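Colleague: okay, structure incoming, though there's no sequence with it:
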């Protein structure tokens, strides 16, 4: 299953659950969230696609210092994007809603609470997406696949049904922040292991 198919399944499952628990107004807010998520991902894809050939080429010639330097700059860049987008959504949730749609009063009323929870996912989303490019570049496709599948289908696909059923409907909005946090923990662990591996070579 491709990244696009994973993302589509994740969004469709979220759509169904949101309609089941909250209705069309909340679904309209989620539509805005999907648009913002697309923008955040595009920024991160740019970093990953720029770094990948540099890292791959230097991996082939065992230039570990150049790899670490490129990774450092890339991580600082995606961290900056994460902070920027998270801050923007936390500070201006209704502005984003008005940019992407002509909202009703009820949509405007509920959008800040929803978007400020979901927007926390943007803090770590860029890191996790960049990690898939990075691990492919250093010949660790299994790690890249686990990260991609975990955030795109497995964790999110399970939690979107489990959280509201066990802990109440409001936990539905926490699915992506918690998913990104769990995946980021795995990502950081394996990046540290990768760095130690370079140090030994």
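Modeller: Cool, got the structure. Quick caveat, the model's predicted, so the values are computed rather than measured. Numbers count the residues shown, from 1 in each chain.
Colleague: what is the least confident helix or strand in this structure?
Modeller: In the chain, no helix or strand scores lower on mean pLDDT, DSSP states H and E than helix 3-21, which sits at a mean of 69.
Colleague: taking the centroid of this structure, which residue is nearest it?
Modeller: residue 125 (2.7 Å; Cα atoms, centre = their mean).
Colleague: mind listing what it touches?
Modeller: 37, 40, 41, 44, 82, 180 (Cβ atoms under 8 Å, 6 or more residues apart in numbering). For glycine as for every other residue, the C-beta is placed from the backbone atoms N, C-alpha and C.
Colleague: per-residue confidence at residue 169?
Modeller: As predicted, residue 169 sits at a pLDDT of 84.
Colleague: could you number the chain from 29 rather than 1 from now on?
Modeller: Right, with 29 as the first residue, what we last looked at is residue 197.
Colleague: tell me the secondary structure at residue 180.
Modeller: Taking DSSP: H, G, I helix; E, B strand; the rest coil as the rule, one finds residue 180 in the helix state.
Colleague: neighbours of it, just the number please.
Modeller: 25 (other Cβ atoms under 10 Å).
Colleague: out of the contacts of residue 153, who's nearest residue 157?
Modeller: The nearest member of the contacts of residue 153 to residue 157, counting by Cβ to Cβ, is residue 72 at 4.3 Å.
Colleague: to which secondary structure element is the closest one assigned?
Modeller: Residue 72 belongs to helix 52-88 when assigned by DSSP states H and E.
Colleague: any idea of the angle the helix or strand just after that helix forms with helix 52-88?
Modeller: Using DSSP H and E, the next helix or strand after helix 52-88 towards the C-terminus is helix 92-119. Counting by axes from the mean of the first three to the mean of the last three Cα atoms, to 10 degrees, helix 92-119 lies at 170 degrees to helix 52-88.
Colleague: for the helix or strand that helix 92-119 is followed by, buried residues please.
Modeller: Next helix or strand after helix 92-119 toward the C-terminus (DSSP H and E): helix 121-128. Under the neighbour-count criterion of 16 or more other Cβ atoms under 10 Å, helix 121-128 has 121, 124, 125 buried.
Colleague: how much space between the residue nearest to the centre of the chain and residue 103?
Modeller: Distance, residue 153 to residue 103, using Cβ to Cβ, to the nearest Å: 14 Å.
Colleague: repeat for residue 166
Modeller: Per Cβ to Cβ, residue 166 is found 14 Å from residue 103.
Colleague: how about residue 57?
Modeller: In terms of Cβ to Cβ, residue 57 sits 31 Å off from residue 103.
Colleague: swap in residue 179?
Modeller: Per Cβ to Cβ, residue 179 is found 17 Å from residue 103.
Colleague: these two - which one has more neighbours?
Modeller: For residue 179 versus residue 103, neighbours defined as other Cβ under 10 Å are more numerous around residue 179 (28 against 18).
Colleague: ok, and the closest non-adjacent residue to the more buried one?
Modeller: The shortest distance from residue 179 to any non-neighbouring residue, by Cβ to Cβ, 6 or more residues apart in numbering, is to residue 211 (4.5 Å).
Colleague: which residues does that neighbour contact?
Modeller: Residue 211 neighbours (Cβ under 8 Å, 6+ apart): 152, 156, 175, 178, 179, 183.
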